[in-house]
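Asker: no sequence on this one, just coordinates:
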Ligand code: NAP
């Protein structure tokens, strides 16, 4: 029996970033569907289309192509969605060259910097700009970030810089769109074993450390992230905007541990 309150009954939402069953976007899509939303999912290219179309069918969701680096794709997405109007948008998209998520920040190339910032940060601004005419008053925009934005995490490198920019963009968007009743927030998730995360050097070690040391002594799950997303996307979050909500089983509160200090 589905006991999830129908927090998004009658709402229309767009979710970018479903790659497979482990994607955080997929956990959010499933929870939003259970909460009564009707959804549009996107895929960035033909290879991903094959994967995302059958997943969307499970939720009775619409599907659209959208490579967030393409203004033409963003314009087509807005054109396609305009008649129905949207109540929420989830941006769960990030990319950096794998070789720049190894070693230190000085491995970053100029082209790699531009690519990571374009896909992982500018795309949220561009999405908001293109979709503005499609948003209902009270609409909620949500992006996903990671604590490597404010603290140095080994190998996270350029992605930490991109997430810092993304969190700042969240605040600027919230300030600009707030007078129109549009909220903009980010969830900062603890490490979850997804396709994108596996590209980060030493990710398995990061998971082990998190599980051992986080106050709740467990890893963050897709369901944890989806629960927080339902809060921010629904009326429950009506008074919250410009926020970076930590959903990491408490890990961010820790300073140096006694073992480090021995
Ligand atoms: P994921 O399943 O691999 O999702 C990342 C998505 O970004 C994929 O669907 C990927 O498509 C898409 N993407 C990359 N470049 C794109 C482009 N140009 N246009 C459109 N889509 C593009 O990994 P995830 O961990 O769920 O990531 C979702 C978000 O959560 C990211 O912003 C990530 O940084 C954030 N996050 C993740 C964690 C974690 O530990 N997993 C923690 C905190 C925050 P392709 O597969 O085709 O590239």
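Answerer: Alright, I've got the coordinates. None of the values given here were measured: they were computed from a predicted structure.
Asker: what separates stretch 202-213 from the chain centre, distance-wise?
Answerer: Remark: stretch 202-213 is offset 21 Å from the chain centroid, using Cα atoms, centre = their mean, to the nearest Å.
Asker: How about stretch 38-55?
Answerer: Remark: stretch 38-55 is offset 16 Å from the chain centroid, using Cα atoms, centre = their mean.
Asker: That one and the ligand in contact?
Answerer: Yes: applying Cβ under 6 Å from any ligand atom, one finds stretch 38-55 in contact with the ligand at 44, 48. C-beta: built from backbone N, CA, C; applies to glycine.
Asker: Now that stretch: buried residues?
Answerer: Neighbour counts over stretch 38-55 (16 or more other Cβ atoms under 10 Å) mark 38, 39, 40, 41, 42, 43, 44, 48, 52, 55 as buried.
Asker: Could you tell me which residues of the stretch 1-150 of the chain lie near the ligand?
Answerer: Residues of the stretch 1-150 of the chain lying near the ligand (Cβ under 6 Å from any ligand atom): 17-19, 23-25, 44, 48, 67-69, 92-95, 119, 144-146.
Asker: switch the cut-off to 8 Å
Answerer: Within the stretch 1-150 of the chain, the positions near the ligand by Cβ under 8 Å from any ligand atom are 16-20, 22-26, 42-45, 47-48, 66-70, 91-95, 119-120, 123, 143-147.
Asker: which among those residues end up buried?
Answerer: Buried subset of those (neighbour count, 16+ other Cβ under 10 Å): 16-19, 23-26, 42-44, 48, 66-69, 91-95, 119-120, 123, 143-147.
Asker: still on that earlier bit, list just the nearest of the buried residues of stretch 38-55 to the ligand.
Answerer: Nearest to the ligand among those, counting by Cβ to the nearest ligand atom, is residue 44 at 3.5 Å.
Asker: Name all residues that make contact with the closest one.
Answerer: Contacts for residue 44 (Cβ atoms under 8 Å, 6 or more residues apart in numbering) come out as 65, 66, 67, 68.
Asker: List the buried residues of stretch 203-211.
Answerer: Using 16+ other Cβ under 10 Å as the test for burial, stretch 203-211 gives 203, 206, 207, 210, 211.
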